[in-house]
Every structure is written in C-alpha cells, then in structure tokens.
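Asks: missing the sequence, but the structure's below:
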Ligand SMILES: [Zn+2]
C-alpha cells in the first residue's frame with residue numbers, strides 16, 4: 001500500500017515538476033568560500049548561513065578529492081572528475097614533456113585546463129545559455145577556447161561586494177540571459193592558514209565576517225528579485241588542519257637538496273628525483289612515523305591520483321598537522337592538502353532554491369557528485385565524469401528519494417502484507433468444506449431398529 005501510494009505521489013509530482021520546467025529556465029549560482037571546514041558550522045554561530053540552510057539542504061561533509069588543495073578541488077567541483085583525470089593535480093605543477101610550469105601566479109595557460117570541460121563551457125555551448133563568473137579558479141582562462149560571457153580577471157584585492165554586484169548585474173542581463181554563474185571568495189582560507197583552525201578567537205571573527213558576506217549575497221539577490229527563482233549552492237574546496245613548529249619533517253636531515261626538485265610543497269610534496277631509487281630509499285626512512293613515501297605506482301587506489309603525467313615520480317604525504325620543509329621553520333599555523341579521509345579536510349555544501357528540497361540534511365556526498373547534480377538542475381547533458389546523480393537525488397525536489405531506513409521499512413511492510421495475505425488464504429482454504437460427490441446414504445438393516453425400545 002505504501003509503495004503504491006509513493007509511486008502515485010511520485011507520478012503526480014513528476015508531472016507537476018515537468019510542467020513548471022517549461023515556465024522558467026533553471027538558473028544556478030555556485031559559490032565557494034575557500035577553506036570553509038565542515039565543522040565550522042557546528043563550532044561557530046553563523047546566523048545568515050543557518051538561515052540559508054533552514055529553507056534548503058545541507059550536506060554536512062563533502063568527501064573532496066586528493067590532494068585536498070584549492071585549484072584541484074575547485075576543478076573537481078565544476079567537472080565531476082578526480083584530479084588524475086581533469087589534470088589540475090596540484091597548486092604547483094611541472095610538465096616534463098613541455099617543461100611548462102603552473103602556479104597560482106601563473107595559471108592562465110589553457111594547456112593545464114584543457115584535459116577537461118568545466119560546466120560553464122558546456123552551459124555556454126547550449127543554445128540561449130550563458131555563463132558568468134567572478135574569480136572562480138579557471139574562469140578567466142580560455143578553456144576549450146571558451147571563456148564565460150561575463151567574467152573578471154583574477155584579482156584578490158577586489159572586494160566581495162564588488163564581485164556580488166557584478167554577478168547580480170550579469171544575472172539580470174537579458175541579452176544574453178545568464179543561467180550559470182560562479183562566485184569565489186578567499187576566506188576563511190587565508191585566515192585559517194594564518195591563525196590555524198584551533199585559534200577559535202580569531203577564526204570566530206573571520207567566520208562572522210564570512211557569515212555577513214553570505215547575508216549580503218542573499219540580500220542582494222532578494223533586492224534584485226532573483227532570490228525566489230535562482231538556485232544557489234554554497235560550498236568550499238577543503239578544510240584546514242592545525243600545524244605546529246613541533247611537527248616539522250626536515251627533508252635536509254635525510255637527503256641533500258641537490259638530489260631532487262621539489263615541485264609542490266607540504267603537506268603533499270611532489271618530488272622530481274635525479275635518481276629515483278636513490279631519492280626514494282633516502283626519503284623512505286626519513287620520517288616513517290609522520291610521513292608516507294610513495295613511488296607513483298604505489299599511490300593508494302582510493303586517492304584516484306595516479307594516471308596523469310603531471311603527478312611526479314615520488315610523492316610524500318605528511319600525516320595530519322605535520323609540515324614538510326627543506327629545513328625552514330614553520331611559516332603558517334594552518335594547512336590543507338592532507339589525506340582526503342580526514343574530516344578536518346572536508347568542506348560542507350548548502351543549497352537553496354526551487355530545485356532543492358527544504359529542510360533536508362545529508363551526512364556526506366562526494367565532491368565529484370556536485371557536477372552531475374548541477375547539470376541535472378540546468379538541463380545539461382553532463383560530460384563523462386566520476387560522479388553520480390543518484391548520490392545527490394535526496395537533495396533535489398524533482399527526484400524520488402528514499403533513504404536506507406525508509407527502504408528497509410517499506411520492504412518489511414511489503415513482506416508483512418504478503419505474509420498476512422498468505423495466512424488468510426491458507427485459513428480460508430482450510431475452512432471451505434470439501435466437495436465430495438453426492439451418494440445415497442446406505443442404510444443398514446439394524447438402522448431400522450427403534451431407538452427407544
Ligand atoms: Zn582553497
């Protein structure tokens with residue numbers, strides 16, 4: 001009975017949502033606050049963000065991609081790909097074949113980005129759909145020869161309110177109409193690095209500021225009459241771990257620096273060795289209790305971090321809170337990049353708008369699942385990706401979603417109904433008198449004797 005009712009409701013709902021799809025073109029604003037660790041939501045009082053979540057959805061932990069750095073994870077969000085596939089495998093990279101180098105200060109060569117197709121490109125290739133972006137990593141690069149119709153060249157000194165002002169202006173543009181927009185802000189990452197996440201006094205101040213920015217964004221969307229129609233996702237790329245001067249791994253104590261080139265730094269150090277065996281053997285025993293050393297082919301499968309030429313022959317992965325240096329002192333109290341299994345490395349995701357359910361909470365989803373969800377909302381055919389829409393169905397208003405507890409309940413319910421029906425059938429069968437062929441009762445002679453003698 002439950003199942004029949006659910007299917008009926010689902011059918012009615014699908015029918016209704018199908019009609020509404022013709023009424024308004026779906027629109028989506030994707031926002032990232034860099035380095036917003038998932039548990040900041042529990043540690044700090046963030047009234048504007050909580051207000052946003054109250055009428056929308058929250059994913060408490062997003063399982064992000066290894067390495068848990070900024071450029072790689074921002075590209076995983078917009079492509080649905082692991083780093084080995086989309087090609088942005090670190091914040092600092094070296095390509096041995098071309099001798100090209102990538103860094104946050106030199107990131108606009110399409111060579112690095114063209115191994116994937118981000119959602120703003122796919123969106124823009126559709127008829128009547130246009131993208132806009134305010135400093136989301138990669139949006140000022142000609143990827144697949146395309147930049148968003150509206151975009152800003154990256155400049156960290158441009159204020160959040162200016163970025164929001166541009167986004168709102170572009171979203172209000174009717175020629176061409178913008179259906180996908182992306183917005184990026186550098187905090188709380190910058191302060192997380194500076195103070196470390198355990199400095200709750202300073203982090204509280206920073207997060208109050210970030211929360212006010214969220215309030216400003218929502219207010220701007222309301223004032224411009226976009227709030228009711230637009231879907232907004234607020235998420236981040238990674239979390240933050242506390243570092244310490246007492247947790248340093250000094251490579252110079254183990255091997256001479258001339259033996260290798262350090263391509264990317266802590267906490268996942270990418271090593272280009274002169275002699276691979278020599279360097280590997282020396283580093284393997286450098287700090288075995290606080291750092292893993294992998295040849296490229298030994299990198300654990302769960303990292304999905306192997307099949308790309310830009311991944312160097314040896315990588316060092318520091319344990320949580322440890323910092324790899326040549327021989328320097330600690331230069332920042334917070335860092336990220338560590339194993340993506342650590343909850344401290346996870347960001348959160350919150351979303352609000354007509355495409356999303358209201359008041360729904362999900363424990364976890366994968367960062368690569370965000371992309372197929374966004375494509376679904378925008379009606380785009382996704383590029384091949386590592387994500388799955390099924391993991392995000394419970395967040396979406398037009399999808400039939402059922403959690404494990406509900407599923408078990410329904411199965412038990414159906415079994416009980418079937419068992420009851422079976423029992424009833426057996427009882428009914430036993431009560432029905434068997435039909436024997438009629439035959440005349442044979443009287444015996446003594447039957448004629450009087451009963452009362
Ligand atoms: Zn970041």
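Replies: Cool, the structure landed. Keep in mind it's a predicted model, so treat the numbers as computed, not measured.

Asks: Residue numbers of the stretch 1-150 of the chain in contact with the ion?
Replies: 34, 35, 70 (C-beta under 5 Å from the ion). Where C-beta positions appear, they are placed from N, C-alpha and C, glycine not excepted.

Asks: Verify the contact between the second one and residue 189 for me.
Replies: Yes - under the criterion of C-beta atoms under 8 Å, residue 35 makes contact with residue 189 at 2.8 Å.

Asks: Give the residues shared as contacts by those two.
Replies: The contact sets of residue 35 and residue 189 overlap at 70, 240 (C-beta atoms under 8 Å, 6 or more residues apart in numbering).

Asks: Strands of the stretch 201-350 of the chain, start to end?
Replies: Counting by DSSP state E, counting those that start in this stretch, the stretch 201-350 of the chain has these strands, from start to end: 231-235, 241-242, 248-250, 260-264, 268-273, 291-295, 314-318, 323-325, 334-335, 349-352.

Asks: Now the longest one: average pLDDT?
Replies: In this model, strand 268-273 has an average pLDDT of 97.

Asks: same check, this time on the fourth one
Replies: For strand 260-264, the per-residue pLDDT values average out at 97.

Asks: and the residue of the stretch 1-150 of the chain nearest the ion?
Replies: In the stretch 1-150 of the chain, the residue that lies nearest the ion is residue 70 (3.0 Å; C-beta to the ion).

Asks: what's around that residue, how many residues?
Replies: 23 (other C-beta atoms under 10 Å).

Asks: Please list all residues in contact with it.
Replies: Residue 70 touches 34, 35, 91, 104, 137, 189, 237, 238, counting by C-beta under 8 Å, 6+ apart.

Asks: what's the top helix by length along the chain packed up against?
Replies: The residue-count maximum for a helix in the chain (DSSP state H) belongs to helix 404-431. For helix 404-431, the packing partners by 3 or more C-beta pairs under 8 Å, 6 or more residues apart in numbering; DSSP states H and E come out as helix 2-23.

Asks: I'd like the next helix or strand past the helix it packs on.
Replies: Next helix or strand after helix 2-23 toward the C-terminus (DSSP states H and E): strand 28-33.

Asks: In this structure, what residue spans correspond to helices?
Replies: Under the criterion DSSP H, the chain contains helices at 2-23, 40-43, 47-54, 70-79, 83-86, 110-113, 119-124, 160-171, 189-195, 200-223, 276-284, 370-378, 404-431.

Asks: Pick the most deeply packed of the ones you listed.
Replies: Mean neighbour count (mean count of other C-beta atoms under 10 Å) peaks for helix 70-79 among the helices of the chain, with a mean of 27.

Asks: How far off centre is that one?
Replies: Per C-alpha atoms, centre = their mean, to the nearest Å, the displacement of helix 70-79 from the mean C-alpha position of its chain is 10 Å.

Asks: mind checking pLDDT for residue 427?
Replies: 81.

Asks: ok, so what distance separates the closest residue to residue 195 other than its chain neighbours from the ion?
Replies: Excluding the flanking residues, the one nearest residue 195 by C-beta to C-beta, 6 or more residues apart in numbering is residue 202, at 4.2 Å. Distance, residue 202 to the ion, by C-beta to the ion, to the nearest Å: 18 Å.

Asks: if I pick residue 202, what's in contact with it?
Replies: 191, 194, 195.

Asks: Please identify which of those residues is nearest to residue 362.
Replies: Within these, proximity to residue 362 (C-beta to C-beta) peaks at residue 191, which comes in at 27.8 Å.

Asks: export the helices of the chain to a markdown table and tack on distance to residue 396?
Replies: Formatted as a markdown table, those follow (distance: least, C-beta to C-beta, whole Å):
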| stretch | distance to residue 396 |
| --- | --- |
| helix 2-23 | 10 |
| helix 40-43 | 21 |
| helix 47-54 | 16 |
| helix 70-79 | 17 |
| helix 83-86 | 24 |
| helix 110-113 | 29 |
| helix 119-124 | 16 |
| helix 160-171 | 21 |
| helix 189-195 | 29 |
| helix 200-223 | 20 |
| helix 276-284 | 46 |
| helix 370-378 | 7 |
| helix 404-431 | 16 |
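
Asks: With respect to residue 131, which of the ones you listed lies nearest?
Replies: For the helices of the chain, proximity to residue 131 was assessed by C-beta to C-beta; helix 119-124 is nearest, at 3.7 Å.

Asks: and for that closest one, what are the contacting residues?
Replies: 78-79, 129-131, 133, 139, 143-144, 146, 148-149, 179-180, 182, 371, 374-375, 378, 380-383.

Asks: isn't residue 68 right next to residue 335, touching?
Replies: No - with contact defined as C-beta under 8 Å, residue 68 does not reach residue 335; the gap is 9.8 Å.

Asks: Taking the stretch 251-400 of the chain, what residue is nearest to the ion?
Replies: residue 336 (6.7 Å).

Asks: ugh, wrong one, I meant the stretch 201-350 of the chain
Replies: The nearest approach of the stretch 201-350 of the chain to the ion comes at residue 237, 4.4 Å away (C-beta to the ion).

Asks: thinking again about what came up before, now the contacts of helix 119-124: which count as buried?
Replies: By neighbour count, with 16 or more other C-beta atoms under 10 Å, the contacts of helix 119-124 hold 78-79, 129-131, 133, 139, 143-144, 146, 148-149, 179-180, 182, 371, 374-375, 378, 380, 382-383 as buried.

Asks: Looking at these, which are in strands?
Replies: Within the buried ones among the contacts of helix 119-124, membership in strands is found for 130, 131, 133, 179, 180, 182, as judged by DSSP state E.

Asks: Mark out where each domain of this protein begins and ends.
Replies: 13-81+116-241+340-395, 248-333 (automatic domain parsing).

Asks: which residue is nearest the centroid of this protein?
Replies: For the chain, the residue nearest the mean C-alpha position is residue 367 (2.3 Å; C-alpha atoms, centre = their mean).

Asks: For the protein, spot the helix or strand the model is least confident about on average.
Replies: The weakest-scoring helix or strand in the chain, judged by mean pLDDT, DSSP states H and E, is helix 2-23 (a mean of 42).

Asks: And for residue 137, the neighbour number?
Replies: Applying other C-beta under 10 Å, we find 27 residues neighbouring residue 137.

Asks: That one touches residue 72, doesn't it?
Replies: No - judged on C-beta under 8 Å, residue 137 makes no contact with residue 72 at a distance of 9.5 Å.

Asks: Show me which residues of the stretch 151-300 of the chain sit near the ion.
Replies: 189, 237.

Asks: contacts for stretch 380-392?
Replies: Here stretch 380-392 has contacts from 79-82, 85, 116-117, 119, 122-123, 126, 304, 365-366, 368-376, using C-beta under 8 Å, 6+ apart.

Asks: end-to-end on it?
Replies: Separation of the first and last residues of stretch 380-392 by C-alpha to C-alpha, to the nearest Å is 16 Å.
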